Each structure stands twice: as C-alpha cells, then as structure tokens.
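Novice: need coordinates for the following:
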Amino acid sequence: MTIEIETLGAGPLDSRARQHMVPMRDGVELATDVYLPDGQGPWPAVLVRLPYDKNGRYCWTPFIAGHFTERGYAFLPQDVRGKFRSSGEVNAFVYEVDDGYDTIQWTTEQPWSNGDVGMWGDSYYGYTQWAAVASGHPALKAIVPRVTVADLFGWLDGDGVAPLYGAHYLAQYWADGRTHHWTPDWTRRPLSELFDPAFELIGSRSLAFDRLLAEARGQAPVDMYGDRHPFRRLRIPTLHGVGWFDNITPPHMLDYERLMSDPETAPFQYLHAGSTDHENYRFEFVPIPESEDHDTHDDALERMLPRYLSPALDFFDAFLAGRGGPESVPRVRWHLPNVGWRESPVWPPRVHASSACI
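Specialist: Here you go, the predicted model:
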C-alpha cells in the first residue's frame, strides 16, 4: 500500500499581531502572537497554548482573535514547545506545566498586561490549561477547558480503542514540528509497526508514540504532574465545555463530576454542554450542508464563531475582567437537540416545572 502524506507547515503570520519568542527557563523560545485591543491598556490576557499552528486555519485562531480583542482582552495564541515556529524537543505532554508557568509569568511582565491571565481552548489546548493550573502560577484567574481531560495522555493510553486512536493522533501530530495527515493501512500486523512506514517517510518518529508503545509493553507510565495534580490545586473559576457528540465528552464529564464531588473544588465549577461534536458541528445541521461547513468556508466559520465563543467571553467578563458578577453566569447550561437551551443550578438537573427552555 502506497502512503500519501499531506504535510502542513506553519501558516503565514498575521499582520494584526506581533510575534514574540518567549523564553522558557531552559532557554527554549516559544513563538507567541500578541493581539491587543484598540485604545489604552493595560488589559487582562487570554492565553491559548496549542500544538496545531497558532497561525493555521485548523483551530481558527486568526479568526478568533478579534472576538477577544473587541471584548477588551489581549489574545495570545502560542505554539507549544517544538511545534511549528517554537523551538525545543517535540514531545507531547512532557513540558506543559513549566512552559505554562513561564509563559504566564512573561505575560504579566508586559506593559500592556494588567497582571490577570485566563486560558481557553479545546482538546490538547484544553489540557495545557490543566497543566498551567498544576504549575500554580497566581496570575491565572480563570480557565475554559473544552472537550478535554486533565489526564489526557492516560486517556489515550487507556483500554479499548483509545490506545490505537491515541497512537494515530501522536503519529500524525507529534513526529516533528509539523502536522502530517495520512490513512494508515489498518490491515498491517503487528499493530505496533502500523505507523512505521509513515515515520520513515516523515524522517522522524514521535517520542510520545514510542512512550505509549513502551507503556503498552509494560513500562511504567510517566506521571505528568507528580505531586502537582491540577485537581489538588484548582481554586479558580472553571467553565467546562463539552459537546454531546464529542468523543472526549465522557471522560471530560468524569473530570467535572470528580471536581464537583470535592467540596474544596465544587464552588469553582461551571458547565456548558452543547449538541456538537469535536469539530463543533451542530446536531441540528446534520447532514452538514456545504454552505455550513466551517472547515472550508470562511463565511460559515464567521457565523459559527459567536456561538462557539460567547460562553467563554461571558465567563471571562465575569471572572477575569470583573464586568459582571458570578451570578451572571449559569452554573449549568445545556442544549437539548431540536428543543433549545436550558439552565440549572446543578448537574444532573432536577426535573421540575421551572426548567423551561431558554
């Protein structure tokens, strides 16, 4: 079987932002774009630490930036260590705690910063928020982890199909500083060699993939947090974003329930659940018409983004910018397909007459 690999490099820099090479404690520099609001600062900052190209279309950060700056936030998307324009070793999960701390520290030292930082993002860049919480930096005031898991590598290395899914993910995104998409020959055996032909074509292997493979063969798992697990340190408002049709929603909800079961962390938890999948397509639009495919059409993306971002923006207004009290944010807001939005003070919601559609 001939393998055809689509390789994606870094997208063009955005003229609206200034790129900074932010130094980490070991001298590695991480490429970070800074988008600033109009007018006179200082402002609170929203940091997004992702491995999928801060200038690429896949995570929409150039499209998202204006939504944050218009609400009065400095917006900072960053390529994590080793990815795209950032230097350092390409090794998923390993460096995110310390790199999160150092990036937040750098942010607070900038003349446009008021010293308060929030974080936002999906999937792996939801995990980097948990890593920043584990770092214990006092300037981190609120987070919005979406469709993610605090122990994400452990989930990828779990039972059932997760290890194979995780191996494919690590092979595509973590072999080098770029992204590589291809369709593996799923009939190849042994499965431990399934991705070797692609690694040969790419010219490097994924360290995280090899770590997962070693754990499958009995090597002790790497403890990403040590004694700094974020659930023991979390004392800031947290908005959990999930989608009913998202593949990571079940473990994410277990995280939420775990945090709600602890009286020390429960007061800080909020939940927003939509009828969406991992790429934020809506149940109501299935099958997705071409006109609403935000993966390929900019106008569809612009229609989607306000719905996608408004829960986070409202949350940051209340807990990062101080433009509204905590009572302005519902504890739980969830969507019933083809019915509408509902709110509740708890999850699961109590069934009573006042749980009307919003």
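Novice: distance from the worst-scoring helix or strand of the chain on mean pLDDT to the middle of the chain?
Specialist: Ranking every helix and strand in the chain by mean pLDDT, DSSP states H and E puts helix 152-156 at the bottom, with a mean of 80. Centre-to-centre, helix 152-156 and its host chain are 14 Å apart (CA atoms, centre = their mean, to the nearest Å).
Novice: and it, what other elements does it pack with?
Specialist: Packing partners of helix 152-156 (3 or more CB pairs under 8 Å, 6 or more residues apart in numbering; DSSP states H and E): helix 162-173, helix 207-216. (Glycine included, C-beta is placed from N, CA and C.)
Novice: show me where the chain has strands.
Specialist: 6-8, 18-23, 29-34, 43-50, 74-79, 113-122, 140-146, 179-181, 238-243, 269-274, 332-336, 340-344 (DSSP state E).
Novice: how about stretch 70-79: buried residues?
Specialist: 71, 72, 73, 74, 75, 76, 77, 78, 79 (16 or more other CB atoms under 10 Å).
Novice: can you give me the end-to-end distance of it?
Specialist: One end of stretch 70-79 sits 23 Å from the other (CA to CA, to the nearest Å).
Novice: what about the protein, any weak spots by pLDDT?
Specialist: Along the chain, the model assigns pLDDT under 70 to residues 1, 157-162, 352-358.
Novice: check it for its longest helix and report it.
Specialist: Longest helix of the chain, by residue count under DSSP state H: helix 298-319.
Novice: tilt between that one and strand 43-50?
Specialist: Using axes from the mean of the first three to the mean of the last three CA atoms, to 10 degrees, one finds that helix 298-319 and strand 43-50 are set 130 degrees apart in direction.
Novice: ok, back up a step: pipe the helices and strands packed on helix 152-156 into TSV and attach mean neighbour count and distance to residue 223 per row.
Specialist: Shown next, in TSV, are those (neighbours: other CB atoms under 10 Å; distance: least, CB to CB, whole Å):
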stretch	mean neighbour count	distance to residue 223
helix 162-173	19	17
helix 207-216	18	12
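Novice: export those helices to a markdown table and tack on distance to residue 200?
Specialist: Converted to a markdown table, the helices and strands packed on helix 152-156 look like this (distance: least, CB to CB, whole Å):
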| stretch | distance to residue 200 |
| --- | --- |
| helix 162-173 | 12 |
| helix 207-216 | 14 |
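Novice: now for those, which one comes closest to residue 247?
Specialist: Checking those against residue 247 by CB to CB gives helix 162-173 as the closest, at 8.1 Å.
Novice: so how far is that closest one from its chain's centroid?
Specialist: 17 Å.
Novice: can you give the distance of the longest helix of the chain from its chain's centre?
Specialist: On CA atoms, centre = their mean, the centre of helix 298-319 falls 15 Å from that of its chain.
Novice: show me which residues of it are buried.
Specialist: Buried residues in helix 298-319 (16+ other CB under 10 Å): 300-301, 304-305, 308-309, 311-319.
Novice: now for the residues you listed: which two are most distant?
Specialist: Longest span within the buried residues of helix 298-319, CB to CB: 300 and 319, 30.5 Å.
Novice: closest to residue 99 among the buried residues of stretch 70-79?
Specialist: Out of those, the member with the shortest distance to residue 99 (by CB to CB) is residue 78, at 8.8 Å.
Novice: can you tell me how far that closest one sits from residue 69?
Specialist: Residue 78 sits 16 Å away from residue 69, taking CB to CB, to the nearest Å as the criterion.
Novice: try residue 132
Specialist: In terms of CB to CB, residue 132 sits 21 Å off from residue 69.
Novice: show me the beta-bridge partners of residue 274.
Specialist: residue 243 (DSSP bridges).
Novice: which ones are touching it?
Specialist: The contact partners of residue 274, by CB atoms under 8 Å, 6 or more residues apart in numbering, come to 241, 242, 243, 244, 282, 334, 335.
Novice: next up, the contacts around the first one.
Specialist: Contacts for residue 241 were tallied using CB under 8 Å, 6+ apart; they are 122, 144, 145, 146, 147, 272, 273, 274, 311, 312.
Novice: wait, residue 132 sits on residue 100?
Specialist: Yes: contact criterion CB atoms under 8 Å: residue 132 and residue 100 qualify, at 3.4 Å.
Novice: next one: residue 8 from residue 179, what distance?
Specialist: 4 Å.
Novice: which one of the two has more residues nearby?
Specialist: residue 179 (21 against 15; other CB atoms under 10 Å).
Novice: so the more buried one sits against residue 50, correct?
Specialist: No: when contacts are counted by CB under 8 Å, residue 179 is not listed as touching residue 50 (11.4 Å).
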